[in-house]
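J.: Below is the sequence, then the predicted model.
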Amino acid sequence: VKTCFAVSLSGPSTLKMLCVQPVVPAEDATEGRTMNFVENVEGFDTAQQERLLQRLLAGEVGELPNDPEERKKLMIRLYTGNSLYKDVNRALYMDDAEGLKRYAPFIRELR
């Protein structure tokens, strides 16, 4: 179904009509994830995960727990305790490539 609207603009314009219709996602669509997210978070070099996560959280925690459950609890506490919430959310919502790259180890750990 295609819906069209007549457009009348004041001043010089070549636009006469605006038409909209449903779009079929491309086969390589990222299922709601932006390309910046895919490249910087999902494409993150996991071999560096531990070192970069430790460096990112240096001011927040000492040694990261080895137990997966304790580690997940720590990540949730850090996120919900507002230590990282504002900056991580800003990177996600603004689709900020540099922010996503910086917080990629934490975002991956939190997922």
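T.: Yep, that arrived.
J.: Please report phi then psi for the spatially most central residue of the chain.
T.: Compute the mean C-alpha point of the chain, and by Cα atoms, centre = their mean the closest residue is residue 92, 3.4 Å away. Backbone torsions of residue 92, given as degrees, to the nearest 10, read phi -70, psi -50.
J.: can you check residue 3 too?
T.: According to degrees, to the nearest 10, residue 3 has phi -120, psi 130.
J.: Spatially nearest residue to it (excluding sequence neighbours)?
T.: Leaving aside its sequence neighbours, residue 3 sits nearest to residue 20 (Cβ to Cβ, 6 or more residues apart in numbering; 5.5 Å). Backbone N, C-alpha and C define where each C-beta goes, glycine included.
J.: Quick check: the one you found vs residue 102, distance?
T.: To residue 102, residue 20 is 37 Å away according to Cβ to Cβ, to the nearest Å.
J.: Please identify which of the two sits among more neighbours.
T.: residue 102 (17 against 10; other Cβ atoms under 10 Å).
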